[in-house]
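>>> Have a look at this prediction, sequence included:
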Amino acid sequence: MIIGAGGRLGSALIGQYRDEFSVAGLNHAALDLGDARQLRDKIGALDVDLVINCAALTNVDYCETHREEAFRINAEGPRVLAEICRDKNAKLIHFSTDYVFNGEKREPYTEEDAARPISVYGESKRAGEENVLAVQDRHLVIRVSWVFGPDRASFVDNIIKRAQENEEVDAVADKFSTPTYTRDIAKILPKFFDVDGEGGILHFANAGECSWREYAQWALDCCQAFGVALKTKTVGALKLEDMARLPQGYGARAPWVARRPAYSVLSSARYTKLAGNSPRAWRDAVADYIKCFYSKK
Ligand SMILES: NC(=O)c1ccc[n+]([C@@H]2O[C@H](COP(=O)([O-])OP(=O)(O)OC[C@H]3O[C@@H](n4cnc5c(N)ncnc54)[C@H](OP(=O)(O)O)[C@@H]3O)[C@@H](O)[C@H]2O)c1
């Protein structure tokens, strides 16, 4: 059962697993993760051996001013899901975020690094991780970063759209993490489906790291290489500290209310050890996405 089946990641998982597994999905309209009673009635009644939770309140700035709602959906809902799964001897795979870190490190964060969130979103997601693992340490929490894919627009799509419509485009040049393709997550996840398999926290991101400006520039470079028409080919630099001062409506969801970590690259070393392979480079994943979904060549 995939919860959050209408979101960017949930849609990708459903699409990938439809032919291979006996899988069903519930989107937001069908199930409110913030309603414990609904969870017990709807998930409690199912015969499932694996629940994958992709649902979350993901708007970082909205969370900042809606703390109670953020914790109800991102922390309490996952706890109830974890209990339902434990009682059924089913496994819960729950998704979390690089925003559980404060961003003060300058090398990739491992699963052992202390989580010290600096936003309500990060705090609520961290509480969700702790709640899930306190119920059952065989459940698996997978932290991902800068998720992109064809099922819902994200940063990369916003940049391409802006470059198609404007003579100038800019992006933050002093904030670093790693873009991660939903289809790559979908490919590796079945390695962890076994109820008695790995539990705890696992980081997964495409390989390498970049700033948002580098990510945006690479996206425009790929568009050029694959014949996607643009009005501008170069991405200007913004500073992280400027984002709170931008005018309403500037870029996606500006101005920012919540703080974001300046550096939140996730180390996939534990994943590589467990799976016996490394994630592909973020540049290859982004190029693949643009070639598949933007190029008419
Ligand atoms: N996107 C990223 O860059 C990123 C980075 C790091 C980690 N993550 C994590 O990865 C996971 C998947 O994120 P995503 O990129 O797929 O985000 P997404 O596209 O925003 O999907 C989240 C889904 O959750 C649904 N949802 C929100 N509130 C709900 C509720 N009360 N009950 C049920 N469903 C609800 C949303 O439905 P509506 O849209 O209809 O509200 C949406 O379909 C999340 O755990 C997120 O925290 C994402």
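Arrived safely, thanks for sending.
>>> Excluding chain neighbours, give the residue nearest to the residue in the stretch 1-150 of the chain that the ligand sits nearest to in space.
Nearest residue of the stretch 1-150 of the chain to the ligand: residue 7, at 2.2 Å (CB to the nearest ligand atom). (Glycine included, C-beta is placed from N, CA and C.) Counting by CB to CB, 6 or more residues apart in numbering, residue 7 lies nearest to residue 54, which is 5.5 Å off, once chain neighbours are set aside.
>>> Read off the pLDDT value for that neighbour.
For residue 54, the model assigns a pLDDT of 98.
>>> What about it, how many residues nearby?
25 (other CB atoms under 10 Å).
>>> Equivalent analysis for residue 197, please.
Residues near residue 197, counting by other CB under 10 Å: 12.
>>> any idea how far it is from the ligand?
According to CB to the nearest ligand atom, to the nearest Å, residue 197 and the ligand sit 20 Å apart.
>>> Helix or strand: which one has that residue?
Assessed by DSSP states H and E, residue 197 sits outside every helix and strand.
>>> Next, it: phi, psi?
phi -80, psi -160 (degrees, to the nearest 10).
>>> from now on call the first residue 778
Sounds good: first residue 778 from here, last item residue 974.
>>> got the contact list for it?
868, 917, 968 (CB atoms under 8 Å, 6 or more residues apart in numbering).
>>> For the second one, give me phi and psi.
Think residue 917. phi -120, psi 130.
>>> With adjacent residues omitted, what lies nearest to it?
residue 870 (4.8 Å).
>>> pLDDT score for the one you found?
98.
>>> Ok, residue 849 next?
At residue 849, pLDDT is 98.
>>> Let me know how buried it is, in neighbour terms.
Count around residue 849 with other CB under 10 Å applied: 18.
>>> Could you double-check that it sits in contact with residue 833?
No - with contact defined as CB atoms under 8 Å, residue 849 does not count as touching residue 833 (11.5 Å).
>>> Checking my notes, residue 911 in a strand, right?
No - counting by DSSP: H, G, I helix; E, B strand; the rest coil, residue 911 is located in no strand; its state is helix.
>>> List phi and psi for residue 958.
phi -90, psi 130.
>>> Which parts of the stretch 928-1074 of the chain are helices?
932-942, 959-965, 989-1002, 1046-1052, 1059-1070 (DSSP state H, counting those that start in this stretch).
>>> mind putting these in CSV, mean neighbour count, mean pLDDT and distance to the ligand included?
As requested, these are exported to CSV (neighbours: other CB atoms under 10 Å; pLDDT from 0 to 100; distance: least, CB to the nearest ligand atom, whole Å):
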stretch, mean neighbour count, mean pLDDT, distance to the ligand
helix 932-942, 19, 96, 7
helix 959-965, 20, 98, 7
helix 989-1002, 20, 97, 11
helix 1046-1052, 15, 96, 15
helix 1059-1070, 18, 98, 13
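>>> possible to save those helices as TSV with distance to residue 898?
Below are these laid out as TSV (distance: least, CB to CB, whole Å):
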stretch	distance to residue 898
helix 932-942	16
helix 959-965	19
helix 989-1002	17
helix 1046-1052	23
helix 1059-1070	22
